[in-house]
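# Pasted the sequence and its predicted model underneath.
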Amino acid sequence: MYDLIIVGAGPAGLTAALYALRANKKVLVLEAKCYGGQIINANKIENYPAINDISGVDFANNLYEQAKNLGMDLKYEEVIAIEEDKVVVTNKNKYQAKAIVLATGTEKRKLGLAKEDEYLGKGISYCATCDGHFYKNKIVAVVGGGNTALEDALYLSKIVERVYLIHRRSEFRGEKKYYDLLRETSNVTFILNAEVIKLNGSDQLESIDIRDKDGDISNIAISCLFVAIGQKPANDKFANLIDLDEDGYIKAYDDVHTNKKGIYVAGDARTKEVRQLTTAVADGTIAATMAIREMR
């Protein structure tokens, strides 16, 4: 029996662990992959209060060490279900807790094209900072229109020969400062009002077909396509107990409560207007505090 089980070891989950451990609670954190969540893909964090500049990896490492030093129990197991009486079922074990915090975050959204999974690691990537160095002095493309796509293009422009930045609309959703920097970068080419419709190659990706707003199709030879088209939650496994919205996000009531007593939600997995690092750690703080206060 644990006081608190936290599902997910991203910023929200680790922050919840930190607060619960400081309250002398017995805490288990369950993580299917690696700690840190999506923030480890950030080349640079410049909008976190009181920290001028830190990499996503360093931020995650610092937070992990902070919780670990307080006695956090972290197990790398995939949660596959939550049962009544706050029983958490993983691919290896079953655990019970007085309270649960769901901090499952989101995962990368895919293009949904044929051969996309086949080319993963062979010309398809969802993390420029992880894989960009493999394509030094080569030609690559980034698809997307938000901050992640713009930052990925900037990061890659310092490594590769040329970056094609492909967006299905005429304007980007990302911050203007990134767009302005890209406009001044000589080896970045914008392809707007266009979408990627086909991946070509034998054993690995060799080129992509794109279609513009007039329906014309063109082919671009590239070594890698970096996909940055947003995130999606993976909360279907909780749908038997927890209310989800139409997009699969966990419905949050009064900040971090779910419809099930004793089960809380924190971070990008929940319904909210803003999904940022600052709001994730805030959610983790509130979720742990509420769980401790309402624990029976």
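Perfect, thanks for sending it. Every value quoted in this text rests on a predicted model; they were computed, and no experiment measured them. Numbers count the residues shown, from 1 in each chain.
# quick one: Asn235 and Leu241, what's the gap?
For Asn235, the distance to Leu241 equals 11 Å [Cβ to Cβ, to the nearest Å]. All C-beta atoms are positioned from the backbone trio N, CA, C, and that covers glycine.
# Sorry, slip of the keys, the one I care about is Ala114.
Per Cβ to Cβ, Ala114 is found 36 Å from Leu241.
# Looking at these two now, which is surrounded by more residues?
The neighbour comparison of Ala114 against Leu241 (other Cβ atoms under 10 Å) goes to Leu241, with 16 against 10.
# In contact with that one, which residues are there?
Neighbouring residues of Leu241 by Cβ atoms under 8 Å, 6 or more residues apart in numbering: Ile82, Glu83, Glu84, Lys260, Ile263.
# do the same with Ala99
Asp3, Leu4, Ile5, Lys86, Gly262, Ile263, Tyr264, Ala291, Ile292, Glu294, Met295.
# do that again at 7 Å, thanks
Leu4, Lys86, Gly262, Tyr264, Ala291, Met295 (Cβ atoms under 7 Å, 6 or more residues apart in numbering).
# Bridge partners for it, pull those for me.
Leu4 (DSSP bridges).
# quick one: buried residues of stretch 99-107?
Ala99, Ile100, Val101, Leu102, Ala103, Thr104, Gly105, Thr106 (16 or more other Cβ atoms under 10 Å).
# ok now that stretch, how far from the chain's centre?
In this view, stretch 99-107 has its centroid 12 Å away from the chain centroid, taken as Cα atoms, centre = their mean, to the nearest Å.
# for it, how far is the first residue from the last?
Start and end residues of stretch 99-107 are separated by 25 Å (Cα to Cα, to the nearest Å).
# now swap in stretch 189-198 and tell me
Chord length of stretch 189-198, first to last residue, is 20 Å (Cα to Cα).
# give me every residue that touches Tyr19.
Counting by Cβ under 7 Å, 6+ apart, Tyr19 touches Thr285, Ala288, Thr289.
# And Ala114, by the same measure?
Residues near Ala114 by Cβ under 7 Å, 6+ apart: Leu199.
# rerun at 10 Å
Contacts of Ala114 were listed using Cβ atoms under 10 Å, 6 or more residues apart in numbering, and they are Lys198, Leu199.
# Report the secondary structure state of the residue lying closest to Met72 once chain neighbours are set aside.
Leaving aside its chain neighbours, Met72 sits nearest to Ala17 (5.1 Å; criterion: Cβ to Cβ, 6 or more residues apart in numbering). Put simply, Ala17 is helix when judged by DSSP: H, G, I helix; E, B strand; the rest coil.
# The spatially most central residue of the chain and Thr106: what is the separation?
Nearest to the mean C-alpha position of the chain, counting by Cα atoms, centre = their mean, stands Gln38 at 3.4 Å. To Thr106, Gln38 is 7 Å away according to Cβ to Cβ.
# so what's in contact with these two at the same time?
Common contacts of Gln38 and Thr106, defined by Cβ under 10 Å, 6+ apart, comprise Gly10, Gln231, Gly267, Asp268, Arg275.
# How many residues are close by the third one?
Right, Gly267. Gly267: 32 neighbours (other Cβ under 10 Å).
# ok, for it, nearest residue in space, not its chain neighbours?
Leaving aside its chain neighbours, Gly267 sits nearest to Ala12 (2.9 Å; criterion: Cβ to Cβ, 6+ apart).
# The closest residue to Glu83 other than its chain neighbours sits in which helix or strand?
In this structure, Glu83 finds its nearest non-sequential neighbour in Val89, 6.3 Å apart by Cβ to Cβ, 6+ apart. Secondary structure from DSSP states H and E places Val89 in strand 87-90.
# And for Leu225?
strand 224-227.
# helices and strands of the chain: which one bottoms out on pLDDT?
Least confident helix or strand, the chain: helix 128-131 with a mean of 83, by mean pLDDT, DSSP states H and E.
# What's the mean pLDDT across the helix or strand just after that helix?
Using DSSP H and E, the next helix or strand after helix 128-131 towards the C-terminus is strand 139-143. Here strand 139-143 scores 98 as its mean pLDDT.
# Strand 139-143: partners in the sheet, and parallel or antiparallel?
If you go by DSSP bridges, strand 139-143 pairs up with strand 162-166 (parallel), strand 224-227 (parallel).
# possible to save the shared contacts of Gln38 and Thr106 as JSON lines with distance to Lys44 and pLDDT?
Output for those, formatted as JSON lines (distance: Cβ to Cβ, whole Å; pLDDT from 0 to 100):
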{"residue": "Gly10", "distance to Lys44": "18", "pLDDT": "97"}
{"residue": "Gln231", "distance to Lys44": "19", "pLDDT": "86"}
{"residue": "Gly267", "distance to Lys44": "21", "pLDDT": "97"}
{"residue": "Asp268", "distance to Lys44": "19", "pLDDT": "95"}
{"residue": "Arg275", "distance to Lys44": "18", "pLDDT": "88"}
